[in-house]
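Enquirer: sequence and computational prediction follow.
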Amino acid sequence: SIMHFGKIAKKHKTKICLESLNRIYTITSVPSVDCYQKIRQQVKCYLQMASMSSNNDVQEGLTIINNTNVKYFTKEMIAEFYALKGMLYHLNRKLVNSC
């Protein structure tokens, strides 16, 4: 549904990905697995956009991860967040060094 649409939109490199993922906030009761997938896909969208454009997208991705309350997620999910965070920092360093 919304998650699948977000994945496909990410492959097409559009901001539609973020718009569709933000619609999950309109649902009153969302399971933690869906929240995890939403955050994961959002950060991947920002990673993809940042690799093509600017440092602002890296900062947006970092903000999402840093503002995530990880106490509701499994250790594996938290590890994935840390891996994504590392990827964002790595991309940030590449962008800063290229300027």
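Expert: Yes, it's here. Numbering: from 1, shown residues only.

Enquirer: how about the helix or strand encompassing residue 45: buried residues?
Expert: Residue 45 is part of helix 32-52, with elements assigned from DSSP states H and E. Using 16 or more other Cβ atoms under 10 Å as the test for burial, helix 32-52 gives 35-50. The way it works is simple: take the backbone N, C-alpha and C, and place the C-beta from them, glycine included.

Enquirer: from those, which two are the most distant?
Expert: Spatial extent of the buried residues of helix 32-52 (Cβ to Cβ) is set by the pair 35 and 50 at 22.5 Å.

Enquirer: show me what the helix ranked longest in the chain is packed against.
Expert: Determined from DSSP state H, the single longest helix within the chain is helix 75-98. With contacts defined as 3 or more Cβ pairs under 8 Å, 6 or more residues apart in numbering; DSSP states H and E, helix 75-98 has these neighbours: helix 32-52, helix 55-66.

Enquirer: worst average pLDDT in the ones you listed?
Expert: The minimum mean pLDDT among these belongs to helix 32-52 (a mean of 85).

Enquirer: between that one and helix 75-98, how many degrees?
Expert: 10 degrees (axes from the mean of the first three to the mean of the last three Cα atoms, to 10 degrees).
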